[in-house]
Structures are given as C-alpha cells and as structure tokens.
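*Asks:* Kindly generate the corresponding structure for this input.
(one chain, ligands or ions: 1)
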Amino acid sequence: MTQAATRTFDVPTTHFIGGQWAEATRTFPDHNPYDGEVVFEIAAGGRTEAEQAVAAAAAAFPGWAAMPPGERQRLFLRAAEIIEARRGETVGILAVETGCSATFGHFQVSWSSSLMRQSANWGYLPQGDVLRSDVPGRFAMAVRKPLGVVAGFTPWNGAFNLAWRTFALPLAFGNTVVVKPSEEAPVSAGLLQAAILEEAGFPAGTLNVVTHAPGEAAAIADVFFESRAVRCINFTGSDKTGRMLAERAGRALKPIVLELGGYNPLLVLDDANLDNAVDAATFGAFIHQGQVCMCTRKVYVERAVHDTFVEKFAAKTRSLPAGDPRNPATLIGPLINERALSQIEERVRGAIADGATVVTGGSREGNVYAPTILTDVPPEAPVANGCEETFGPVVVVEVVDSAEEALAKAQDTPYGLSAAIMTGDQQRGLDLAQRFDAGIVHVNSATMAGEPSLPNGGVKDSGWGRSGHYAIEDFTEIRLTTLTSDAGHYPF
Ligand code: NAD
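*Replies:* This is a model prediction of the structure:
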C-alpha cells in the first residue's frame, strides 16, 4: 500500500485516489521544521491527479449518499478506534512533520477520535421539515440532500485534527470528498487519515487525497473550481488565501466554507482569579508555538491587577520547556519554516523600535522562537493593531481602565474568531460575551477551547461556516418536494 516507507514511519507518501495508492511520477522532500532533516519524500501531483480524484469521488457519491446511516455509523466508529490505536505513531509524525509537541499531538488525536464518534450519529439527524401549503391536498417537504463532491484544503497547523474536520463533516452528511493537504504537512494533514479510513473499510472513492509540491497548489485548485462535479469548497487556512479562493468561488458560483485566521483577545477583569487567568493566557498564547487560529494575540488587563498579572504570566512563560518536540517534555517546538520565523522576528524588532518592552522572550535558538510577551506596544504596530495575524509565540499585553474600554479595543479588528473573558462575576462575563462580535466567546476559559461537537467558526474576516452538527447547513441542500392529491388547482 505504501509508496515509500521512510525512517521509522510506515505511512503512505503518495496520492490516494479511488481507494488506490497511486504511483508517484515526481516527489518532493518534506522537512522536519526542527532540524531540516528530510522526513518523507512525497508525491508531487497536479492537474491529472486532481481530475482523477474528482472523478473517483463523483463515482463513489451515489453509493455513499444512499448508504443507510447505521452502516456509515459503524465505519465512523471503526475509524475512531483506529485513530486511537495509531495514537503514538500519529504524535510522532506530528512532531517531525509539523514541530508539534506531544501535548498538542495527543490533544489532536483525542479531538479527532471524538469528532469521528460524534459524526457517527449525524446520519440520524432529522433530514428536513414537513411544510404547510396553501394548495388543497398538497403535502410539502423540505428534504435535506448531500451536495455531491466537496473539495477540501487543509492547513498544516492543526494538521491532524483539522484535516479530520475538513472531510469528516461532509462525509457524515453523505458527500464524498477530495482533499488537497498543505504542502507543509501532507502526511499528517491528509495521507495518514486516508490510510486510517482505508483500514476502517470506507468505500473506495469516498475520500481522495492529492498531494503537491510547494508552490504548486494552484493547478489542483483550478480543477476543483472548474469541475462541475465539485459542488462545494471547504477551506481552512489564512484569510489571504481564503479571500483569493472566495473570489474564485464567486466566479464559479460554488459555495465555499471559510475557516480563517483570527486576532483573538483575552480580557482579564479586576475580579478574575489571576492564577486561572495566567493559565488561560499561557495556554492560549503559546500552545503549538502560537500557531493555532484561536491563539491569544492580545491580553487586555484591568489596571488594578495588571502588574501582578504580567509578573505571574512572565514567570509561567519562562518555565515552558522549549526545544525538539520529539522530547515528550517539550512544550515549545520550532516554527513551521524560515518564512514564519522571519516574520515573527521582523514584527518583534519593529515593535521594539516603536517603543515596546520585551517582558520575556524576543529571541530565537535555531528554529525555536522563545515565547514572547510584549508590553507598551504602540497600537499602530503590526503586532498590536489587530489587523494582521502574527502567527507565532508572541502576545501583547495592554493595560485598560475598564471592561468597557477592553471590549471596545478588543472589537477594533477586522477578525472575529475567538475571544475570552476572565472574571469572578459570571453574570458580568455573560453580559460582555453577548456584546462581542466574534464567532466564539469563552468566559473563564482560554481563547483556544474548541471541542469537536461545538459550533466553532468565525465572523467578519475570520470566515463563516460552523463545525459540529451545525455543519449540516454547509454540507447539505434543501430539496423542496411536494405531493398533490387534489386536481383542479390551476388558474387556467
Ligand atoms: P494557507 O492559507 O497558507 O494555506 C491553507 C491551504 O491553502 C493549504 O492547503 C495551502 O496549500 C493552500 N493554498 C495556499 N495558497 C494557495 C493557492 N494560491 N491556491 C490554492 N491553494 C492554496 O494557511 P496555512 O499557513 O496552511 O494555515 C495557517 C492559517 O490558517 C492561519 O491564518 C490560521 O489562523 C488559519 N487557520 C484557521 C482555522 C480555523 O478554523 N478558523 C484553523 C486552522 C488554521
């Protein structure tokens, strides 16, 4: 089944199309972001493989859509078991392919198996409504139908669990899927999942994966937009790419689900449990080196508790073990590539030049950037202005004089993914939460607190679309069906 088993991992490294592992005509090296070592040689596909994958998904669609929910449920539950059985291997691959700590690796595995268990039941959700009609003798139904082939783009950051999200949701509602994984994580964001679904016995063609070399995504995307069989695009990634693909989707008149970036604020009010707030800030800002869409980018702290909060936050941040993520104790691994490191270095240098204070961090060792807390950052600095996602372990702390000031400042961003409020007064927290213009607001949790069954998703420039069973809105369409028993209701 495998094209090239590399190093210690026996995983497929070539396209999965119509239930077969295709021959790779070209390959590209997939590097460990920690030390640059080549971990896998991956098939470099393009237009031809994408066309084959779409054709395979289209051929598999009628059978999959018609499969009774109980049969689909058994397959999803079997996949969940295999995800758990392959936990150690997955955590190892995530470490060497994406620089992911064991902590976040285990989180991704648990999230993914839970998602598959949740989705196992979604075939049993109500499939529509019975409607009233003004025509005598007419019975009207709004019947939910799967769309057909859904084409997915996966990111490299939450490589394993977000790839599962990209195809489990459409599959659960009866669609078949083609996926183009990120070139930074082709194994953990697509091929590994295909191997698991193959092992679980999913029918050939239900999930198809086509990998590509860096800079060659466009040829595959072209096929997704041009093919009439592809009825929906499901994208998780940056707002820059999402905007470009949404423009194309508009021209092609295809619906597109967009799960994009965020600039996620954490509000620490003067009545908060400060230790809890410090834990939420540290986890929220630095999980996976700050490379999660829901990571905390700015903490607004009420003046009365600001200095104590910063002191405790800095102490906890300094204690985070950094280095090679193959060491299970490591919490802060490398950034994904040199481009990401350079952007972080430039943003922090710029902020310092503008007058920012580095409370802790601000340096790199190899490809690992130290978790960094900045204060006194001018509001217009790119790292603090709320308009640009700084996708790494850098967080800005700003003092405020009231919760109202914090709320107003925290909303001053084009993004609207996740926000969090730390307060000892639950009613105050709920009141503020209702006024936040964001897809997700947590009271007394970190900005990164998603669960697979809950409707995660953004508003404004963070995109649209919701996960959990709410995804039925995105991955089905309504078929109006009527049955009329009385004749003679026509006007002529
Ligand atoms: P990205 O936009 O660079 O890439 C995402 C996907 O798009 C990848 O598969 C990539 O190969 C593809 N792509 C990139 N350029 C393309 C092009 N020109 N044509 C066709 N496809 C193209 O994002 P990334 O760096 O992989 O992921 C990080 C970003 O994703 C961050 O902005 C993060 O906030 C966001 N994200 C959002 C969520 C969410 O649920 N809202 C989850 C994870 C990541």
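
*Asks:* quick one: residue 326 and the ligand, what's the gap?
*Replies:* 22 Å (CB to the nearest ligand atom, to the nearest Å). Where C-beta positions appear, they are placed from N, C-alpha and C, glycine not excepted.

*Asks:* Share the number of residues neighbouring the residue in the chain positioned nearest to the ligand, please.
*Replies:* Residue nearest to the ligand within the chain: residue 237 (2.5 Å; CB to the nearest ligand atom). The number of residues packed near residue 237 is 21, by other CB atoms under 10 Å.

*Asks:* For the residue lying closest to it once chain neighbours are set aside, give me the backbone phi and psi.
*Replies:* With CB to CB, 6 or more residues apart in numbering as the criterion, residue 237 has its nearest non-adjacent residue at 4.7 Å, and that residue is residue 155. In terms of degrees, to the nearest 10, the main-chain angles of residue 155 are phi -90, psi 170.

*Asks:* Where do the helices of the stretch 251-400 of the chain begin and end?
*Replies:* 274-286, 303-318, 338-353 (DSSP state H, counting those that start in this stretch).

*Asks:* Mean neighbour count and mean pLDDT added to those, as TSV?
*Replies:* Listed next are the helices of the stretch 251-400 of the chain as TSV, based on neighbours: other CB atoms under 10 Å; pLDDT from 0 to 100:
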stretch	mean neighbour count	mean pLDDT
helix 274-286	22	98
helix 303-318	17	98
helix 338-353	16	97
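
*Asks:* nearest to residue 480, of these?
*Replies:* Of all these, helix 274-286 sits nearest to residue 480, with 44.6 Å by CB to CB.

*Asks:* which strands and helices sit next to the closest one?
*Replies:* Counting contacts by 3 or more CB pairs under 8 Å, 6 or more residues apart in numbering; DSSP states H and E, helix 274-286 is packed against strand 264-268, strand 296-302, helix 303-318, strand 394-400, strand 418-422.

*Asks:* I'd like to check the angle between the last one and strand 296-302, please.
*Replies:* Meaning strand 418-422. 30 degrees (axes from the mean of the first three to the mean of the last three CA atoms, to 10 degrees).

*Asks:* what lines up beside strand 418-422 in the sheet?
*Replies:* strand 264-268 (parallel), strand 440-443 (parallel) (DSSP bridges).

*Asks:* now that strand: how far from the chain's centre is it?
*Replies:* In terms of CA atoms, centre = their mean, to the nearest Å, the centre of strand 418-422 is set 19 Å apart from its chain centre.

*Asks:* any idea which helix or strand comes after it?
*Replies:* helix 426-435 (DSSP states H and E).

*Asks:* buried sites along that following helix?
*Replies:* 429, 432-433 (16 or more other CB atoms under 10 Å).

*Asks:* what about the residue most central in space within the chain, is that helix, strand or coil?
*Replies:* Central residue of the chain (CA atoms, centre = their mean): residue 162, 4.3 Å from the mean position. Under the three-state scheme (DSSP: H, G, I helix; E, B strand; the rest coil), residue 162 adopts helix.
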